[in-house]
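>>> Fold the following.
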Amino acid sequence: MRRHAYYVLLLVLLFTSIVVASAYAKAKAELIKVAPGGRYFQKGDEAFLIIGPNDALTWPGLSPLLGRTSPQAAKEYMEKLASHGVNTVRVMIEYAQYPHGLLENPLGEYRTEVVEFWDTFFTWLEDYDMYAIVTPWDPFWMERTWHQNPYNTRNGGMMDSMYGFLTHPEALERQKERFAFMIERWGHSKHILAWELMNEIELWWGATTQEIDDWISEMADFVREQQLKTHGFTQLITASSAANMPSGALGKVIYDHPKLDFATTHLYTGPGMNAPRNTTDVVTEVALAVNYALWQIKDNRPYTDTESGPIDMWIGSSTFDAEFLHNVSWAHLASGGAGTGMRWPYRSPHVLTTGMLESLSRIAAFIKAFDFTGFVPESLGPDLILPAGHEVVGIGDANRKLIWLVREERLQGDPAACVLEMHYIDLGSYMLSFWDPWAADWIERDLVIHFAESSGSITTPEFLKDVTIVMERISD
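Numbers count the residues shown, from 1 in each chain. Model (predicted):
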């Protein structure tokens, strides 16, 4: 009798654990959508901001999974990302630098080890409640290794060069076949944040802006129809530009194409980003690009940089790079970007260092503490004035304001307070709080400040490098 009761209890416990696990998996499996007011993404009823880097199946962190040389090492790497607040990675389904990174070779024959890699990867996304922005091609290495590419006529393809990839009829059919394969195989995953139709779409192909516009329309419609037909729901869709601030007809496509859900560009232009001599010059460049994007966008859709980093001069010092990423991420966030921006490692080995991940972890703590749900800000830019030797970026809506100020590296000798002048502030009382971006915690909270005139000032606590100010309106 006791044994019978024991087995009954075991069955009850087993059933309960299965139900709990199922409920947990269901709770995690939330599609990312654009927030109702725009500017940010949303997961369920809460704001979702992108925190994370680019990654690839042939880079050191994930490559042990390719060919199953050490799957456990790759899984531990994913766990490390998740434990540091990373919630999104941007990946290319093939990485054409090496033949073993190709998804198809020849066209129409999908390589088993690459397919199995992504089968496991998308399962891990669910395990760690992480998301992916997924793009099908790697045109940078595709161009540099064209001799081995399956689209090349010498390898059974249909093109003598990459020119015409967005218009060649057979190429378009092959592209749709790849999208259909990806959707059939992995499109069930609600942990795909977005399908990025093409990486740096204006480069490589020799296409006119009208041809780019037409290609996006055709492929976006195809992807949405396939996704709905196969899985009954759709993920977000975007396409990226290589330019940090595309203008004219291309800018209209990138920032406002009706078939795209959010805008994304790559922030590589400018010496502060490309060949940094210090960690703070980059702040102005990032803030300018984000503000330009939000100015160009007409429907309040989110904007995020999906690639950035020092192309021309890789950073040797891990300490310097961690602080550099800290400043890039805060400049992106406090200018109104939908997260931290997404670093391309540009390191050897080609992964973010632990210090860089700690930078993301600290900003992830602030994103959680601030709660961006319902926040639909505009730039405060010209209304904020600091003493020489400082940079400030800020955003706000009618009720809340987020301001980040950083002291130029050359002046970071001793902690000191700073006076911030503010103009065109709505009259009334505000709750004022200060956040230490390095301690990832509040310094001072719930101070009340009253603006009887449209201009005033705020004196910060002493800080060495940077400080974040949060203002919440409490009365008129």
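>>> which residues of the stretch 251-400 of the chain fall in helices?
271-274, 282-296, 318-334, 354-370 (DSSP state H, counting those that start in this stretch).
>>> Same list (those helices) but as TSV, adding distance to Glu218.
The way it works is simple: take the backbone N, C-alpha and C, and place the C-beta from them, glycine included. TSV is the format used below for these (distance: least, CB to CB, whole Å):
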stretch	distance to Glu218
helix 271-274	33
helix 282-296	24
helix 318-334	31
helix 354-370	36
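>>> right, so of those, which gets closest to Met78?
Closest to Met78 of the helices of the stretch 251-400 of the chain, according to CB to CB: helix 354-370, at 12.2 Å.
>>> What residues sit buried inside stretch 120-127?
By neighbour count with 16 or more other CB atoms under 10 Å, stretch 120-127 contains the buried residues Thr120, Phe121, Phe122, Trp124, Leu125.
>>> ugh, wrong one, stretch 249-256
Leu250, Gly251, Val253, Ile254, Tyr255.
>>> which residues are contacting stretch 244-258?
202, 209-210, 212-213, 216-217, 239-241, 243, 263-270, 285, 288-289, 292-293, 296-299, 303, 305 (CB atoms under 8 Å, 6 or more residues apart in numbering).
>>> Equivalent analysis for stretch 117-126, please.
Applying CB under 8 Å, 6+ apart, the set of residues contacting stretch 117-126 is 25, 28-29, 57, 62, 65-66, 71, 75, 78, 91, 93, 130-132, 185-186, 189, 191-192.
>>> just stretch 446-457 next, same as before
With contact meaning CB under 8 Å, 6+ apart, stretch 446-457 is reached by 419-433, 458, 471, 474.
>>> Start and end of it, how far apart?
17 Å (CA to CA, to the nearest Å).
>>> And it, what's buried?
Within stretch 446-457, the residues that qualify as buried are Phe451, Gly456, counting by 16+ other CB under 10 Å.
>>> From here on, call the first residue 5.
Right, with 5 as the first residue, what we last looked at is stretch 450-461.
>>> for that stretch, the distance to its chain's centre please.
What separates the centre of stretch 450-461 from the centre of its chain is 35 Å, taken as CA atoms, centre = their mean, to the nearest Å.
>>> And for stretch 423-430?
That offset, for stretch 423-430, works out to 31 Å (CA atoms, centre = their mean).
>>> same deal with stretch 316-334?
Offset of stretch 316-334 from its chain centre (CA atoms, centre = their mean): 17 Å.
>>> Which residues does that stretch contact?
By CB under 8 Å, 6+ apart, stretch 316-334 touches 277-280, 283-284, 286-287, 290, 312, 314, 344-345, 347, 350-352, 356-357, 359-360, 362-364, 366-367, 408, 410, 441, 469-470, 472.
>>> mind running it again at 7 Å?
Contact with stretch 316-334 is made by 278-280, 283-284, 286-287, 290, 312, 344-345, 347, 350-351, 357, 359-360, 362-364, 367, 408, 410, 441, 470, as judged by CB atoms under 7 Å, 6 or more residues apart in numbering.
>>> ok, Val355 - contacts?
Trp63, Pro64, Gly65, Pro349.
>>> with these in mind, which one is nearest to Leu170?
Trp63 (27.3 Å).
>>> Spell out the secondary structure type for the closest one.
Look at Trp63: counting by DSSP: H, G, I helix; E, B strand; the rest coil, its state is coil.
>>> how about it, what does it touch?
Neighbouring residues of Trp63 by CB under 7 Å, 6+ apart: His354, Val355.
>>> distance of it from Trp348?
Separation of Trp63 from Trp348 (CB to CB, to the nearest Å) stands at 10 Å.
>>> Just the buried ones among the contacts of stretch 450-461, please.
Using 16+ other CB under 10 Å as the burial test, the contacts of stretch 450-461 include Leu424, Met426, Ile429, Tyr434, Met435, Leu436, Ser437, Ile462, Met475 as buried.
>>> now the residues you listed as JSON lines including pLDDT?
Formatted as JSON lines, the buried ones among the contacts of stretch 450-461 follow (pLDDT from 0 to 100):
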{"residue": "Leu424", "pLDDT": "97"}
{"residue": "Met426", "pLDDT": "95"}
{"residue": "Ile429", "pLDDT": "89"}
{"residue": "Tyr434", "pLDDT": "95"}
{"residue": "Met435", "pLDDT": "96"}
{"residue": "Leu436", "pLDDT": "97"}
{"residue": "Ser437", "pLDDT": "98"}
{"residue": "Ile462", "pLDDT": "96"}
{"residue": "Met475", "pLDDT": "97"}
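>>> Now render those as CSV, adding distance to Gly105 and secondary structure.
CSV is the format used below for those (distance: CB to CB, whole Å; DSSP: H, G, I helix; E, B strand; the rest coil):
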residue, distance to Gly105, secondary structure
Leu424, 49, strand
Met426, 51, strand
Ile429, 53, coil
Tyr434, 52, strand
Met435, 52, strand
Leu436, 51, strand
Ser437, 47, strand
Ile462, 51, strand
Met475, 48, strand
